[in-house]
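**Q** sequence? don't have it. structure:
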């Protein structure tokens, strides 16, 4: 279950990231609570979510190209350093009392937008860097452990943030996040990384970016996975943006209640990562994705009808479990199907669907909740997730054969590369990697 930790570089990466991600979740919860405390506006909560994630949608293709052409290792160091500096700036503005009413919320919006630009470069590089740390044989396990790390932090971060905000204020959560980045930067600097051969830049930047989009468009299994992921991110994931509204107006709680709600999602997701980490092959993941997206939508609908804090906490456990299964399974299948020469660019499209669609969903959810209320907004989102899973389930059986050909062609399973891949890769201007 923990075999990827046998690689020294991944152990360092894991150790630093688990500390940093706790700080990231602390900042996320504290930032949402700060905006809601100052404005009492679901619409502005959605706007902050939009500002923080729309840069991923706009700039991730450039970040993916950067990850394919330059050192992913150095890119991750640079993005983590930039994230640390932005956290310290937000802490300084809050602790100094500068951000004290709704008129200063625009500064939170600006810093959230800048962090989104950093993430547009960080996410594709970090996702593509995983295989350099562990190799193809432990890629599935490393992706699962990454998810475990992310969701372990999701449990601790919101809980610590809820206590910290209630006791000494949001600013110290932002400061703690800034300090937490020191751990990941130090661990990255301690790695021994073999320089990756730089690819020949046969085309312009724009042509190379379009090459990644063409690969996705002409690769049925990857396109289907990304479309479902984008649908869930657009309509289902924004439930998290509305959590302060549920904690305050629906469940009549405070920042501690918000931390418990978000932490419950993390507990469910952590349980899912243990299931994923135990897997050694990708067979059957398509069905897991189908059931997980439907289960996620169902959980959201049930949660939207709850008016009890303990019951809401329980209902968010399966929501977190199903969300993680779909996200990690989609990530795993895509990474096993894509050639390394296109990995950064394809993972940038993954970032656009996973995080880039969320800002549109956050803004839409905030606007709808402002008119019809948060519970009905979340229920509608859950229903759309179920509908998306039904469409995916009708298409996936016809795509399984092509998916296996792609996986075999990348040497991720036994068998000979499919001849059909040659024509497809030639059409995209890429050479097909030789099978081991």
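**A** Right, received. Where do you want to start? All figures in this text were calculated on a predicted structure; none of them were measured in a lab.
**Q** Flag the shaky bits of the stretch 151-300 of the chain, pLDDT-wise.
**A** 151, 196-204 (pLDDT under 70).
**Q** if we go to 90?
**A** The stretch 151-300 of the chain contains residues with pLDDT under 90 at 151-171, 192-213, 233, 237-286.
**Q** first vs last residue of stretch 362-380, how far apart are they?
**A** End-to-end distance of stretch 362-380: 14 Å, with CA to CA, to the nearest Å as the criterion.
**Q** And stretch 156-167, what's buried?
**A** For stretch 156-167, a neighbour-count test (16 or more other CB atoms under 10 Å) marks 156, 157, 158, 159, 160, 161, 162, 164, 165 as buried. The way it works is simple: take the backbone N, C-alpha and C, and place the C-beta from them, glycine included.
**Q** what's near enough to touch the closest residue to residue 400 other than its chain neighbours?
**A** The shortest distance from residue 400 to any non-neighbouring residue, by CB to CB, 6 or more residues apart in numbering, is to residue 286 (6.4 Å). Going by CB atoms under 8 Å, 6 or more residues apart in numbering, residue 286 touches 333, 396, 399, 400, 403.
**Q** Buried ones among those residues?
**A** Here, 16+ other CB under 10 Å leaves 333, 396, 399, 403 buried among the contacts of residue 286.
**Q** Figure out the helix or strand that the last one lives in.
**A** What that stands for is residue 403. If you go by DSSP states H and E, residue 403 is part of helix 374-409.
**Q** What is that helix packed up against?
**A** When contacts are defined as 3 or more CB pairs under 8 Å, 6 or more residues apart in numbering; DSSP states H and E, helix 374-409 sits against helix 220-235, helix 285-305, helix 309-337, helix 358-372, helix 420-427.
**Q** buried ones in it?
**A** Applying 16+ other CB under 10 Å to helix 374-409 flags 374-375, 377-386, 388-389, 392-393, 396, 399, 402-409 as buried.
**Q** Stretch 280-298 too?
**A** 282, 285-286, 288-290, 292-298.
**Q** quick one on the thing from earlier: take the buried residues of stretch 156-167 and write them to TSV, including secondary structure and distance to residue 320.
**A** Shown next, in TSV, are the buried residues of stretch 156-167 (DSSP: H, G, I helix; E, B strand; the rest coil; distance: CB to CB, whole Å):
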residue	secondary structure	distance to residue 320
156	helix	14
157	helix	14
158	helix	12
159	helix	14
160	helix	18
161	helix	17
162	helix	17
164	helix	22
165	helix	21
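**Q** List just the nearest of those residues to residue 118.
**A** Of all the buried residues of stretch 156-167, residue 118 sits closest to residue 157, with 18.8 Å by CB to CB.
**Q** dump the residue contacts of the closest residue to residue 19 other than its chain neighbours.
**A** If the residues on either side of it in the chain are set aside, residue 19 comes closest to residue 183, at 4.1 Å by CB to CB, 6+ apart. For residue 183, the contacting residues are 15, 16, 19, 20, by CB under 8 Å, 6+ apart.
**Q** Out of those residues, which two sit at the greatest distance?
**A** Among the contacts of residue 183, 15 and 20 lie farthest apart (CB to CB), at 9.9 Å.
**Q** Thought residue 407 was touching residue 282, still the case?
**A** Yes: contact criterion CB atoms under 8 Å: residue 282 and residue 407 qualify, at 6.4 Å.
**Q** And residue 53, how close does it get to residue 237?
**A** For residue 53, the distance to residue 237 (CB to CB, to the nearest Å) stands at 10 Å.
**Q** likewise residue 210?
**A** Taking CB to CB, one finds residue 210 at 28 Å from residue 237.
**Q** Between these two, tell me which one has more neighbours.
**A** The neighbour count for residue 210 versus residue 237, taken as other CB atoms under 10 Å, is higher for residue 237 (25 against 15).
**Q** Just give the nearest non-adjacent residue to that one, would you?
**A** Spatially, and ignoring its direct neighbours in sequence, residue 237 is nearest to residue 358 (5.3 Å; CB to CB, 6+ apart).
**Q** so that neighbour touches residue 49, yeah?
**A** Yes: using CB under 8 Å, residue 358 makes contact with residue 49 at a distance of 7.0 Å.
**Q** any common contacting residues for these two?
**A** Each of residue 238 lies in contact with both residue 358 and residue 49 under the rule CB under 8 Å, 6+ apart.
**Q** Give the intersection of the neighbour lists for residue 53 and residue 237.
**A** Overlap of the contact sets of residue 53 and residue 237 (by CB under 8 Å, 6+ apart) consists of residue 358.
**Q** ok, back up a step: from the buried residues of stretch 156-167, which is closest to residue 305?
**A** Looking across the buried residues of stretch 156-167 and measuring by CB to CB, the closest to residue 305 is residue 158, at 22.8 Å.
**Q** for residue 111, what are its contacts?
**A** Going by CB under 8 Å, 6+ apart, residue 111 touches 86, 89, 90, 93.
**Q** From residue 173, how far off is it?
**A** 14 Å.
**Q** what does residue 276 give?
**A** Distance from residue 276 to residue 173, counting by CB to CB: 29 Å.
**Q** who's more crowded, the two?
**A** Using other CB under 10 Å, the more surrounded residue of residue 276 and residue 173 is residue 173, with 30 against 25.
**Q** Name the helix or strand for the closest residue in space to the more buried one that isn't next to it in sequence, please.
**A** Among residues not flanking residue 173 along the chain, residue 30 sits closest, at 3.6 Å (CB to CB, 6+ apart). Assigned by DSSP H and E, residue 30 falls within helix 8-39.
**Q** elements contacting that helix?
**A** Applying 3+ CB pairs under 8 Å, 6+ apart, we find helix 8-39 packed against helix 42-69, helix 72-95, helix 105-134, helix 139-168, helix 171-189, helix 243-245, helix 255-277.
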